[in-house]
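Asker: any chance you could fold what I've pasted below:
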Amino acid sequence: MPTIHRALLATLVVACSAPSHPKPAAGTKLVVLVIIDQWPEWSFEAKRPALHGGGFDRLLGDGQWLVGRHPTAATLTAPGHALLGTGAPTSITGILANEWWHRDLGRSLRSVEAEDGSTSAVWLRVPGLGDAVAAAHTGSKAVAVSLKDRAAILPLGHSGLALWYDAKSGEITSQQPPPWLADYNRSHPIAARTHEVWTPLDPAHLAQLAGGPDDQPGEVGDKGLGTTFPHDLGATKDPNDAIFAVPAGNDLVFDTGLAAIAGEHLGTHPSPDLLILSLSAHDFIAHAWGQESWESWDGDLRLDARLGQFLGELDRAVGAGAWGMIVTSDHGSSPMPERSGGGRIKYSELQKAANDAASAVLGPGAWIDNAHFPNVYFSKAMLAQPKGELDSAMRRVVFALRAFPGLEKVDRTAPYEGHCETRTGEAQALCYSFDPERSGDLFYMPAKGWITESDDGPLATSHGSLHDYDRLVPVLVVPPGKPASHPAPTAPTGEIPTTQIATMLSTWLGVTAPLQLQRAPAP
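Answerer: Next comes the predicted model:
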């Protein structure tokens, strides 16, 4: 790739070799991380020539366009947000997926769901950016906003204010709601948005950009919104829930973020404050209609304009040049299988094939507890079998899963666990994807163009693999200080490991990077 601009290169070098107690840049009041959920590099490169609504042009004209490489195959929302906030992959954070099977409990829990059902970062083994801000004892604040609870909680870690959307109540909620939140919910009722109809900005233009008609093969829709425009929230069974999958969901995050700036007085403390915004609607739209769809194109055009407005609002709230920003993603996604010659595999199909294979050796029984990507968990009854029979059954299961044309790699997990830093290539990416105490007995990886899905959740596209379309994401970097604008690049100008983003943000904040803090106790 081309060489990184010298000014930004200096910033990156400082960030990646920061002392334990760095000092923020003079005049920095606010550091912002914007996470566009499911934003693959390949899709942004395809859409960038059409995005001139003010947001991306300004970010690229003031900053730098890099390509971020996620280190693992666990390219899912929870692991990706944990990584961006901690600087660590799954093997260190312990966040395997959005939810995973807990052997000791005999059930699955969401990534931010404690055993008693409460919502917290209980399973996160290491500190996040919120913990780093709190540990500095400067009086600064860290706030994260998202539609998804896991996307607000995990980047912060165990400290800071996480705000997310509760579809049941139709309000923004939190583990510890701040005093201003109740007034905000009353004065900005989400119910007013749930009767909106999402109509395309310009159907003819969308047809040209997408290269085809609305309702292309593979689109499934979501939340009862159907496969074609218009999408009427009020016509769905649960309009509160449907807001997850429309551009208004992104607007809700931006609006709440601005309310948090005012309510928490961000940008007024002696040291810089932190604001994290995670745009979950972008993920739901792509899952429902695909990155190549009219809906995805329309959503990105609207996001570009809303992002431009938000940058102007930041200038007014904290001052032009007084903030720094990184815009990136928790993961990429696959092109739609209909376009790539791939296909879809259901978790239930994998679990049944694995159980049938084990039964051929051990006899009828419930031998497989769970087979959600990327883990296959053997039941306690299977693990209690004599070693010879267990090994034979395990081999039979591996061969059965390898027979699926949509899986390119199936193996035991244990040989890939531990000493990740000594491994290279695919073996290292796999090692970073597993937690020795929590991961399954086997793992599987989809073949190129193939995706996995639940029985009750058909998808137009998805993510989670070793392929670059899942692991490469844009990283747009605007360092603090009034930058000297330059012509916006038309292609990325360098590459950066996404593990370095938390360190870069910490340097701007003038705090110790999360991984240099003492690790959080494991539950």
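Asker: next one: stretch 313-328 to chain centre, how far?
Answerer: Centroid separation for stretch 313-328 versus its chain: 22 Å, with C-alpha atoms, centre = their mean, to the nearest Å.
Asker: the longest helix along the chain packs against which elements?
Answerer: What stands out as the longest helix in the chain, according to DSSP state H, is helix 294-318. Applying 3 or more C-beta pairs under 8 Å, 6 or more residues apart in numbering; DSSP states H and E, we find helix 294-318 packed against strand 30-36, helix 41-47, helix 55-62, helix 203-210, helix 247-263, helix 281-289, strand 323-328. Where you see a C-beta, it was placed from the backbone N, CA and C, and this is true even at glycine.
Asker: identify the residues contacting stretch 226-236?
Answerer: 193-200, 203, 214-215, 219-221, 223-225, 239, 242-243, 246, 248, 289, 294-295 (C-beta atoms under 8 Å, 6 or more residues apart in numbering).
Asker: at 10 Å what do you get?
Answerer: 193-200, 203, 206, 213-216, 218-225, 239-243, 245-248, 285, 288-289, 293-295, 298, 460 (C-beta atoms under 10 Å, 6 or more residues apart in numbering).
Asker: please pick the buried ones from those residues.
Answerer: Buried members of the contacts of stretch 226-236, scored by 16 or more other C-beta atoms under 10 Å, are 193-194, 196, 198, 200, 206, 214, 216, 218-225, 239-243, 245-248, 285, 288-289, 293-295, 298, 460.
Asker: if I pick Ala26, what's in contact with it?
Answerer: Pro480, Gly481.
Asker: what of Ile326?
Answerer: Counting by C-beta under 10 Å, 6+ apart, Ile326 touches 31-35, 59, 63-64, 66, 68, 84, 475-479, 496, 501-502, 504-505, 508.
Asker: again, 7 Å this time
Answerer: Leu33, Val475, Leu476, Val477, Ile501, Met504, Leu505 (C-beta atoms under 7 Å, 6 or more residues apart in numbering).
Asker: tell me how far it lies from Val478.
Answerer: Going from Ile326 to Val478 by C-beta to C-beta, to the nearest Å gives 8 Å.
Asker: which stretches of this structure have low pLDDT?
Answerer: Across the chain, the ranges flagged by pLDDT under 70 are 1-21, 518-523.
Asker: would you map out the domains in it?
Answerer: 29-88+126-339+467-514, 342-453 (automatic domain parsing).
Asker: and the last one, how far from the chain's centre?
Answerer: Distance of domain 342-453 from its chain centroid, counting by C-alpha atoms, centre = their mean, is 24 Å.
Asker: next one: the longest one
Answerer: Taking C-alpha atoms, centre = their mean, one finds the center of domain 29-88+126-339+467-514 at 9 Å from the center of the full chain.
Asker: thinking again about what came up before, among the domains of the chain, which is the most enclosed?
Answerer: Greatest average neighbour count among those goes to domain 29-88+126-339+467-514 (a mean of 21), per mean count of other C-beta atoms under 10 Å.
Asker: what's the first-to-last distance across that one?
Answerer: The straight-line separation of the ends of domain 29-88+126-339+467-514 (C-alpha to C-alpha, to the nearest Å) is 20 Å.
Asker: what does stretch 483-497 give?
Answerer: Stretch 483-497: ends 23 Å apart by C-alpha to C-alpha.
Asker: where do the helices of the stretch 1-150 of the chain begin and end?
Answerer: 6-16, 41-47, 55-62, 77-86, 90-93, 129-136, 149-156 (DSSP state H, counting those that start in this stretch).
Asker: can you tell me which of those helices is nearest to Ala114?
Answerer: helix 149-156 (11.4 Å; C-beta to C-beta).
Asker: residues contacting that closest one, please?
Answerer: Helix 149-156 has contacts (C-beta under 7 Å, 6+ apart) with 35, 37, 77-78, 81-82, 84-85, 95, 98, 110-112, 119, 121, 124, 128-130, 142, 144-146, 162-164, 276, 278, 280.
Asker: and if you look at stretch 374-392?
Answerer: For stretch 374-392, contacts defined as C-beta under 7 Å, 6+ apart pick out 73-74, 96, 100-101, 103, 354, 358, 361-362, 365-370, 393, 433, 439-445, 464.
Asker: try 8 Å this time
Answerer: Taking C-beta under 8 Å, 6+ apart as the rule, stretch 374-392 contacts 73-74, 96-97, 100-101, 103, 350-351, 354, 358, 361-362, 365-371, 393-394, 397, 401, 413, 433, 439-445, 464.
Asker: cool, and stretch 407-415?
Answerer: Contacts of stretch 407-415 (C-beta under 8 Å, 6+ apart): 345, 375, 394, 398, 401-402, 434, 439-448, 450, 466.
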